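Visitor: Take this sequence and fold it.
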Amino acid sequence: MKYAVLQYDNRHNNFLEKLMLKNKNICDNLDIFEYIKPNIDNSISQYWIKVKLTNKLISDDKYDGVLWLDSDAIIHNSQKLIQLINSTPIFLMSGDNPFSEFCAGVWFVRNNNIGKLLINQWIQLYYNKYYKFWHKDPKTNQFITNMPFAIHPCYEQPAFIKHILPNYNITKLPWYVLNNPIIPFFDNSATLHFYGHFKNTIPIYLHLNSYF
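Guide: Down below sits the predicted model:
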């Protein structure tokens, strides 16, 4: 059994780089994980790059599944994470607060026929429907949109909630298992996700874990 742990970032933030390096070190010490951080890709909205990269990885059939971690997310309890992944038949996810349906910061998809179909349908939403809401900013060479952030389905997260979540038997965990950002309440967390203003606490987490 071999799982890809996939991360991507183009911001070159020092603390995010250290967090990703910690993930790489964790994976390098576990035979079940292989850490992958692809090169910069400006051919698609950066919010959808995770789906594009995952679709390519599972199409190659090299891995039994793909774990996506945003660059502000980290493996906290690897054994708990492995147990959760091993017991997931198709797709593993959580929200990022008690009222959230789905957070696209941390999730896992199994490489089987249904997992392949799910990821392919997700990325095709961008290419067939939502690409038209994005345009490239010539100053930054990045795709931008005028649609409400993380609300309009031109973003990968609300697109998943609208089009994918109702149609698959998806394993949903409590928000604090995969996307908990709150130091130090990590006892029940497999992965952590320092989204939004919680990024300001990354240096504290790195210091507590001797990586700062």
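Visitor: for the protein, longest helix please?
Guide: Longest helix of the chain, by residue count under DSSP state H: helix 14-28.
Visitor: Now that helix - C-alpha only, CSV.
Guide: C-alpha atoms of helix 14-28 as CSV (Å, rounded to 0.1, in the frame of the first residue of the first chain):
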residue,chain,number,x,y,z
ASN,A,14,8.9,31.1,4.9
PHE,A,15,6.6,29.5,7.5
LEU,A,16,4.6,27.7,4.9
GLU,A,17,7.8,26.3,3.4
LYS,A,18,8.8,25.0,6.9
LEU,A,19,5.4,23.5,7.4
MET,A,20,5.7,21.7,4.1
LEU,A,21,9.2,20.5,4.9
LYS,A,22,7.9,19.0,8.1
ASN,A,23,5.3,17.1,6.1
LYS,A,24,8.0,15.9,3.8
ASN,A,25,10.1,14.7,6.7
ILE,A,26,7.2,12.8,8.2
CYS,A,27,6.5,11.1,4.9
ASP,A,28,10.2,10.2,4.4
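Visitor: just checking, what packs against the worst-scoring helix or strand of the chain on mean pLDDT?
Guide: None of the helices or strands of the chain scores lower by mean pLDDT, DSSP states H and E than helix 202-208, at a mean of 91. Counting by 3 or more C-beta pairs under 8 Å, 6 or more residues apart in numbering; DSSP states H and E, the packing neighbours recorded for helix 202-208 are helix 14-28. In this view, the C-beta of every residue, glycine as well, is placed from N, C-alpha and C.
Visitor: The helix it packs on: how far from the chain's middle?
Guide: Relative to the centre of its chain, helix 14-28 is centred 15 Å away, using C-alpha atoms, centre = their mean, to the nearest Å.
Visitor: Repeat that for stretch 84-99.
Guide: In terms of C-alpha atoms, centre = their mean, the centre of stretch 84-99 is set 11 Å apart from its chain centre.
Visitor: List the buried residues of that stretch.
Guide: Going by neighbour count (16 or more other C-beta atoms under 10 Å), the buried part of stretch 84-99 is 84, 85, 88, 90, 91, 92, 93, 94, 95, 96.
Visitor: again with stretch 101-121
Guide: By neighbour count, with 16+ other C-beta under 10 Å as the criterion, the buried positions of stretch 101-121 are 102-111, 115-116, 118-119, 121.
Visitor: mind listing what residue 190 touches?
Guide: Residues in contact with residue 190 (C-beta atoms under 8 Å, 6 or more residues apart in numbering) are 75, 76, 77, 80, 81, 84, 177, 178.
Visitor: where does it fall, phi/psi-wise?
Guide: Dihedral angles of residue 190 (phi, psi; degrees, to the nearest 10) stand at phi -90, psi -40.
Visitor: If you count contacts, what does the host helix or strand of residue 176 end up packed against?
Guide: Per DSSP states H and E, residue 176 falls inside helix 175-178. Contact partners of helix 175-178 among helices and strands, from 3+ C-beta pairs under 8 Å, 6+ apart: strand 91-94, strand 191-193.
Visitor: Strands along the protein, start to end?
Guide: Remark: strands assigned in the chain by DSSP state E are 3-6, 33-36, 65-69, 73-75, 91-94, 106-110, 135-137, 142-144, 171-173, 191-193.
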